[in-house]
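>>> Next one to model:
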Amino acid sequence: MNRRPFAPPLVLIVLLAAVAGCRKEELAPPAQPLQVTAVSVTPRDTPVQFEFVAQTASSREVEIRARVDGFLDKRLYTEGNMVRAGQPLFQMDRKPFEASLQSAQGQLEQQRARLEVAQANLRRVRPLAARNAVSKKELDDAIGFERSAQAAVLGADGEVRKARLNLGYTTIASPLRGLTSYAKKQEGSYLTVGEQGLLTTVSQVDPIWVNFSVSENELLSYRDQINKGRLRFPQGQDFEVEVVLADGTVFPRRGRINFAAPSFDSATGTFLVRTELPNPEGKLRPGQFVRARVFGATRPAAMQLPQRAVQQGSKGHYVWVIGNDGKARQRVVEVGDWIGNDWFISDGLKPGERVVVDGAGRVTPTVPLRVAVLAPTPALASAAGRSLARGETQQ
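Now for the predicted structure:
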């Protein structure tokens with residue numbers, strides 16, 4: 001009788017496999033805590049700054065023009081140099097105006113002599129008229145001649161003043177301290193009063209103006225944030241402005257806003273804001289493109305997080321919030337503006353909650369965390385105006 005080899009039942013094989021699986025699970029090491037850094041959410045009144053593209057402009061630009069007709073004799077300044085107030089820039093030919101002054105002075109002396117004759121005649125006629133030795137008409141004529149002579153003297157004196165003034169206009173001086181432009185007329189040119197009499201321009205650079213524009217969308221955003229209590233402007237709109245040059249250097253002197261246009265520009269949809277800065281060394285020149293940083297606004301009770309702590313998902317921005325059990329859970333947040341390396345959090349977090357910063361990309365809800373307090377960087381500390389000390393490692 002042939003015997004079949006022994007074959008274990010199918011049920012027994014399944015049971016043995018299950019037992020082996022349980023032993024492997026029992027032998028698997030527990031998950032190691034994930035090392036992360038975190039910050040505690042603390043509301044603070046945080047200064048903020050706004051940055052705009054700006055352009056410098058002269059605070060006072062004057063066109064130097066001829067005020068009398070005549071020939072240009074010489075240029076008295078070096079083009080492009082700084083000139084002081086009252087410094088002569090051009091000299092016109094004086095000789096025709098000196099002759100006109102001399103002629104006017106002669107006319108004045110002639111009228112004064114006539115006045116003396118009229119006055120002497122009146123002094124003779126008055127006593128005679130009192131004794132009825134001359135007619136009343138002769139007295140009236142003498143009074144009229146004397147008054148006419150007085151008026152002629154005044155007219156001649158006015159012509160002398162006018163001639164002397166025109167002679168003074170032949171020396172053309174700068175009315176202010178500033179930078180000169182190139183000369184538009186050369187020696188020997190005949191100058192006329194009006195559009196053809198433009199000689200050069202002088203631009204005042206101390207103080208200097210810095211102009212920038214604020215768009216309608218930006219203004220509406222600021223108003224909305226102010227109404228919601230997320231932004232506060234300084235009292236009296238007393239903003240301070242810092243200028244950053246094209247190479248990234250910061251101009252050493254700050255200024256303040258001294259004018260804001262009352263209406264929007266219909267062509268650009270923006271309104272002009274003007275800042276005045278001291279510029280005694282003349283380092284800033286009109287027409288430079290710069291960046292204007294506006295200081296003075298504050299975000300009251302603002303919550304900030306490092307930018308790397310905020311992740312982007314299908315539902316928007318989110319962070320990992322550490323619970324009391326040492327594990328993290330996703331939390332959707334509403335983000336605002338940037339400040340340095342930080343991000344303002346408008347909604348979604350509560351004061352005192354801990355948020356994962358470094359290592360957030362590896363966090364899952366089931367992994368235990370080993371948390372260390374984030375040490376501050378100079379950029380974070382200066383931008384947020386705070387100082388965080390490194391904490392002890394905690395579970």
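>>> what's next to stretch 194-202, contact-wise?
61-67, 72, 79, 83, 89-90, 172, 174-176, 178-185, 191 (C-beta atoms under 8 Å, 6 or more residues apart in numbering). Backbone N, C-alpha and C define where each C-beta goes, glycine included.
>>> whoops, I mixed them up, stretch 302-318
For stretch 302-318, contacts defined as C-beta under 8 Å, 6+ apart pick out 39, 41-46, 230, 319-320, 330-335, 338-339, 341-345, 349, 351, 355-358, 360-361, 374, 380, 384.
>>> Just to be sure, which of those are found in strands?
Using DSSP state E, the subset of those located in strands is 39, 44-46, 319-320, 330-332, 334-335, 338-339, 342-345, 355-356.
>>> Show me which of these are buried.
Using 16 or more other C-beta atoms under 10 Å as the burial test, the ones in strands among the contacts of stretch 302-318 include 39, 46, 319-320, 335, 339, 342-345, 355-356 as buried.
>>> hmm, which two among the residues you listed are most spread apart?
Thr46 and Trp320 (22.9 Å; C-beta to C-beta).
>>> in the strand or helix carrying Val290, what counts as buried?
Using DSSP states H and E, Val290 sits within strand 289-306. For strand 289-306, burial by neighbour count (16+ other C-beta under 10 Å) applies to 290-294, 296-297, 299, 302-306.
>>> Determine which two of those residues are furthest apart.
Within those, two members stand farthest from each other by C-beta to C-beta: Val290 and Met303, at 32.3 Å.
>>> So what does Pro234 have for phi and psi?
Main-chain dihedrals, Pro234, degrees, to the nearest 10: phi -70, psi 160.
>>> Now the helix ranked longest in the chain: buried residues?
Ranked by residue count and defined by DSSP state H, the top helix of the chain is helix 95-130. For helix 95-130, the neighbour count (16+ other C-beta under 10 Å) marks 96-97, 100-101, 104-105, 107-108, 111, 114-115, 118, 121-122, 125, 129 as buried.
>>> Helices along the stretch 151-300 of the chain, start to end?
With DSSP state H, counting those that start in this stretch as the criterion, the stretch 151-300 of the chain has helices at 216-227.
>>> Look at Val241 and say how many residues are nearby.
Using other C-beta atoms under 10 Å, Val241 has 26 other residues around it.
>>> Contact partners for it?
210, 254-257, 275, 277, 292-295.
>>> Any idea what the closest residue to Asp342 other than its chain neighbours is bridged to?
Nearest residue to Asp342 in three dimensions, chain neighbours excluded: Gln304, at 4.3 Å (C-beta to C-beta, 6 or more residues apart in numbering). Beta-bridge partners recorded for Gln304 (DSSP bridges): Phe344.
>>> Next one: Gln304 relative to Gly229, how far apart?
According to C-beta to C-beta, to the nearest Å, Gln304 stands 16 Å off from Gly229.
>>> contacting residues for Val273?
Val273 sits next to 52, 211-214, 257, 259-261 when contact means C-beta under 8 Å, 6+ apart.
>>> Neighbour-wise, give me the winner out of these.
Busiest of the contacts of Val273 [other C-beta under 10 Å] is Phe212, holding 21 neighbours.
>>> partners of that residue in the sheet?
Ala54, Val273.
>>> what's the answer for Gln204, then?
Note on Gln204: beta-bridge partners by DSSP bridges are Arg60.
>>> so who does it touch?
If you count contacts by C-beta under 8 Å, 6+ apart, Gln204 has them with 58-62, 176-178.
>>> Need the max-distance pair from those residues.
Glu61 and Arg177 (12.8 Å).
>>> Output the contacts of Val241 as a markdown table; include the columns pLDDT and distance to Glu138.
Below are the contacts of Val241 laid out as a markdown table (pLDDT from 0 to 100; distance: C-beta to C-beta, whole Å):
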| residue | pLDDT | distance to Glu138 |
| --- | --- | --- |
| Val210 | 97 | 77 |
| Arg254 | 94 | 81 |
| Gly255 | 95 | 76 |
| Arg256 | 94 | 76 |
| Ile257 | 93 | 76 |
| Thr275 | 96 | 76 |
| Leu277 | 95 | 76 |
| Ala292 | 96 | 82 |
| Arg293 | 95 | 87 |
| Val294 | 95 | 84 |
| Phe295 | 94 | 86 |
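>>> Looking at these, which is nearest Gly248?
After measuring the contacts of Val241 against Gly248 - C-beta to C-beta - the closest member comes out as Arg293, at 12.3 Å.
>>> who's in contact with the nearest residue to that closest one once chain neighbours are set aside?
Nearest-residue entry for Arg293: Glu242, 4.4 Å, with adjacent residues in sequence omitted and distances by C-beta to C-beta, 6+ apart. Listed by C-beta under 8 Å, 6+ apart, the contact set of Glu242 reads 250-251, 254, 292-293, 295.
>>> Glu242 and Arg256, how far apart?
11 Å.
>>> just for this structure, where's the confidence low?
Under the criterion pLDDT under 70, the flagged ranges of the chain are 1-31, 375-395.
>>> Pick the one among the buried residues of strand 289-306 closest to Leu220.
So of these, ranked by how close each gets to Leu220 (C-beta to C-beta), first place is Ala297, at 15.7 Å.
>>> Surely the closest one is in contact with Gln235?
No: in this structure, Ala297 is not within contact of Gln235 by C-beta atoms under 8 Å, at 11.6 Å.
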